[in-house]
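Enquirer: kindly return the folded structure for what I paste below:
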Amino acid sequence: MNSMAKKQLLFQEIAAKLQQQGFGIEKQDQTRLWGGFFVIDEIQAQ
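Expert: Numbers count the residues shown, from 1 in each chain. As a prediction, the model looks like this:
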């Protein structure tokens, strides 16, 4: 498995965990050299 496939798998796992905890994911960005990030529904921000 190449590093891009590992990264996509990791993002899928994290997205599933966030959703299980009740977070709504507005979007995600996997294009950063350092990894990426998720944008959580602003209503859920504290």
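
Enquirer: from residue 17, how far off is residue 43?
Expert: From residue 43 across to residue 17, the span is 19 Å (C-beta to C-beta, to the nearest Å). No exception for glycine: its C-beta is placed from N, CA and C like everyone else's.

Enquirer: the more surrounded of the two?
Expert: Comparing residue 43 with residue 17 by other C-beta atoms under 10 Å, the one with more neighbours is residue 17, at 10 against 6.

Enquirer: show residues contacting the helix or strand containing the more buried one.
Expert: Following DSSP states H and E, one finds residue 17 within helix 3-20. For helix 3-20, contacts defined as C-beta atoms under 8 Å, 6 or more residues apart in numbering pick out 1, 25, 28, 30, 35-36, 38, 40.

Enquirer: the residues you listed into CSV, with extra columns for pLDDT?
Expert: Converted to CSV, these look like this (pLDDT from 0 to 100):
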residue, pLDDT
1, 82
25, 96
28, 95
30, 92
35, 86
36, 92
38, 96
40, 94
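
Enquirer: make a markdown table from the residues you listed and add neighbour count and secondary structure to it.
Expert: As requested, the contacts of helix 3-20 are exported to a markdown table (neighbours: other C-beta atoms under 10 Å; DSSP: H, G, I helix; E, B strand; the rest coil):
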| residue | neighbour count | secondary structure |
| --- | --- | --- |
| 1 | 7 | coil |
| 25 | 13 | strand |
| 28 | 15 | strand |
| 30 | 13 | strand |
| 35 | 11 | strand |
| 36 | 14 | strand |
| 38 | 15 | strand |
| 40 | 14 | strand |
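
Enquirer: neighbours of residue 8, how many?
Expert: So residue 8, with other C-beta under 10 Å, has 13 neighbours.

Enquirer: residue 38 contacts residue 24, doesn't it?
Expert: No: Residue 38 lies out of contact with residue 24 (C-beta atoms under 8 Å); the separation is 10.2 Å.

Enquirer: alpha carbons only: can I get stretch 9-24 in CSV?
Expert: Output in CSV follows, covering the C-alpha atoms of stretch 9-24 (Å, rounded to 0.1, in the frame of the first residue of the first chain):
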residue,chain,number,x,y,z
LEU,A,9,-7.5,5.2,4.7
LEU,A,10,-6.5,7.1,7.8
PHE,A,11,-8.8,10.0,6.8
GLN,A,12,-11.7,7.6,6.3
GLU,A,13,-11.0,6.1,9.8
ILE,A,14,-10.9,9.5,11.5
ALA,A,15,-14.0,10.7,9.6
ALA,A,16,-15.9,7.6,10.9
LYS,A,17,-14.7,8.2,14.5
LEU,A,18,-15.7,11.9,14.3
GLN,A,19,-19.2,11.0,12.9
GLN,A,20,-19.6,8.3,15.6
GLN,A,21,-19.0,11.0,18.2
GLY,A,22,-21.7,13.2,16.7
PHE,A,23,-19.6,15.6,14.7
GLY,A,24,-20.8,16.8,11.3
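
Enquirer: many thanks, we can stop here.
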